[in-house]
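> Predicted structure and sequence below. I'll ask about it afterward.
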Amino acid sequence: MLDLIGAIAGMIAVAVNLVALTSTLPGSLARRLSLAAIAGGWVGLASGLGAAGKLTFSPDHPVPLVGVLFATPLLIVGALALKSPRMRSTLMAIPMPLLIGVNALRVLGVLFLFLAAVGRLSGPFPYSAGLGDIITGAFAIPLALSVARSQELPARAIVRWNIFGTLDLFVAVALGITSAAGSPLQLIHAGVGSEAMQNLPFCLVPTVLVPFYLITHAIIAAQLRARRTAAASARVRLDFGKVC
């Protein structure tokens, strides 16, 4: 039953995130459709590998594919943002309320707690990841509404939320790796550990959803930095004008 609920919740999260992002990106319809096709292909790849059992940690796989699928979107988006001014401007044009709001779906992290309750996950991983995601998602809703309605950006609240949400994901990844049976980095030996995250439907979390949410946090941080830089430049110009 939890697998069915997890499959439905996971695909809803993927679909909502994809539609929300592609519908607001600047550019032609063909460009947005191409992005949607690439994202859909990536979800299909992760799902297929998970269904075939290729994402499980094993001594036969010194480089686990789940780690490769987790890191690849981050590296690609990061490289494109560094090298391509067009890509940077596209990412910076995404509305901040949207970037914050899509994180509301992280309240579905309650499924980690359910999996722990039935023995499908164990150790500190499900509680850290589940509670951290629930808190991040719950605060994302009022914060996104505040940003959308306010003329003055609540920068401090956004920074605090963004740091917490980012740390939640990094801690979850670290605990997931160190509690996975067969992982070369396993440090926590507590029953099944994070095994459920290596198979369908929950393998979409580390391979699709976590990279996506990390990217949203990075874009939010970049937008906040750009706003601070612009505000500082404006103050310098104003002070220079007063002196002159």
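Noted; the coordinates are in hand.

> Find me the pLDDT at the most centrally placed residue in the chain, would you?
For the chain, the residue sitting closest to the mean C-alpha position, by CA atoms, centre = their mean, is Tyr213 at 1.5 Å. The per-residue pLDDT reported for Tyr213 equals 97.

> Now the one helix or strand Ala20 maps to: buried residues?
Under the criterion DSSP states H and E, the helix or strand holding Ala20 is helix 2-24. Buried residues in helix 2-24, counted by 16 or more other CB atoms under 10 Å: 2, 6, 9-10, 13-14, 17-18, 20-22. Glycine gets a C-beta too; all of them are placed from N, C-alpha and C.

> Also stretch 74-82?
Judged by neighbour count (16+ other CB under 10 Å), stretch 74-82 contains these buried residues: 77, 81.

> And stretch 93-112, by the same measure?
By 16+ other CB under 10 Å, the buried positions in stretch 93-112 come out as 94, 96-109, 111-112.

> show me the contacts for Thr24.
Counting by CB atoms under 8 Å, 6 or more residues apart in numbering, Thr24 touches 94-95, 98.

> of all the buried residues of helix 2-24, which comes closest to Ala116?
Leu2 (10.8 Å; CB to CB).

> Just the pLDDT for Pro64.
78.

> separation between it and Leu175?
16 Å (CB to CB, to the nearest Å).

> Spatially nearest residue to Ala104 (excluding sequence neighbours)?
Among residues not flanking Ala104 along the chain, Ala140 sits closest, at 4.4 Å (CB to CB, 6 or more residues apart in numbering).

> again, but for Leu145
Pro97 (7.6 Å).

> which residues touch the one you found?
Contact partners of Pro97, counting by CB under 8 Å, 6+ apart, are 144-145, 147-148.

> Repeat that for Asp3.
Asp3 neighbours (CB under 8 Å, 6+ apart): 200-201.

> at 10 Å instead, please
By CB atoms under 10 Å, 6 or more residues apart in numbering, the contact list for Asp3 reads 115, 120, 196, 199-202.

> any low-confidence regions in this protein?
For the chain, applying pLDDT under 70 flags the ranges 59-63, 231-244.

> That one: helices as residue ranges?
Along the chain, the segments classed as helices by DSSP state H run 2-24, 29-51, 65-83, 85-92, 96-101, 110-117, 125-149, 155-178, 204, 210-243.

> Thought Leu99 was touching Ala148, still the case?
No. Here Ala148 does not reach Leu99: they are 11.4 Å apart, not a contact under CB atoms under 10 Å.
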